[in-house]
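Undergrad: sharing a model that was predicted from the sequence below.
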Amino acid sequence: MRGATPARAGLSLIEVLLAMTIFFIAIVAISRLVDMGTDRELDARMHATGARLAQAKLAEVEAGIESVTATSGDFGEGEPGWTWSMTAELQGTNLYLVSLTVSRDLKGKPFTLNLAQMILDPTVKGAAVEATRPDPSGGGQ
């Protein structure tokens, strides 16, 4: 059987180019997924940090460390770039609706997180600073 064609031993140029095209498309798709994952991680980290800072500032207001009438500020060297602003609306006798917004510039876009809480006026209910330790000897009675 001399007239029969022998079996191919290798790949044609078209098959190699097709395989390389599929490979590069897959690499581009995977790199885009990695970029999307990195962006989501950064967004989640900003939300977690913003929520922690907002809760801490509201705790300062509730404890009487920060005045209910304070309007804005930054978080200092511990959290550079983060700022806060606050509004307090009187809702009843000694009860305020405190709305706090923390913000930061994130890759050229502003990132903001809002948190609101009803707070009793700390000047009326007293502050932790005013507390005194009881006499350990019990002689104060």
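TA: Yep, that arrived. Numbering: from 1, shown residues only.
Undergrad: what about residue 85, how many neighbours?
TA: 15 (other Cβ atoms under 10 Å). C-beta: built from backbone N, CA, C; applies to glycine.
Undergrad: so where's the protein uncertain?
TA: Residues of the chain that meet the criterion pLDDT under 70 lie in 1-8, 125-131, 138-141.
Undergrad: and the helices in it?
TA: In the chain, the helices defined using DSSP state H lie at 13-63, 122-125.
Undergrad: what does the last one contact?
TA: When contacts are defined by Cβ atoms under 8 Å, 6 or more residues apart in numbering, helix 122-125 is touched by residues 61, 62, 63, 64, 68, 94.
Undergrad: show me what contacts residue 29?
TA: For residue 29, no contacting residues are found, by Cβ under 8 Å, 6+ apart.
Undergrad: contact partners for the residue nearest the centre of the chain?
TA: In the chain, the centroid-proximal residue (Cα atoms, centre = their mean) is residue 47; its distance is 1.8 Å. Contacts of residue 47 were listed using Cβ under 8 Å, 6+ apart, and they are residue 113.
Undergrad: what about it, distance to residue 101?
TA: Distance, residue 47 to residue 101, by Cβ to Cβ, to the nearest Å: 14 Å.
Undergrad: same question for residue 37.
TA: As for residue 37, its distance to residue 101 is 28 Å (criterion: Cβ to Cβ).
Undergrad: so for the two, which sits in the more crowded spot?
TA: Neighbour tally, residue 37 and residue 101, criterion other Cβ under 10 Å: the higher count belongs to residue 101, 17 against 10.
Undergrad: wait, doesn't residue 74 sit right on residue 85?
TA: No - in this structure, residue 74 is not within contact of residue 85 by Cβ atoms under 8 Å, at 10.3 Å.
Undergrad: which of the contacts of helix 122-125 sit farthest apart?
TA: In terms of Cβ to Cβ, those reach their longest pairwise distance at 63 and 94, which sit 15.4 Å apart.
Undergrad: alright, that wraps it up for me.
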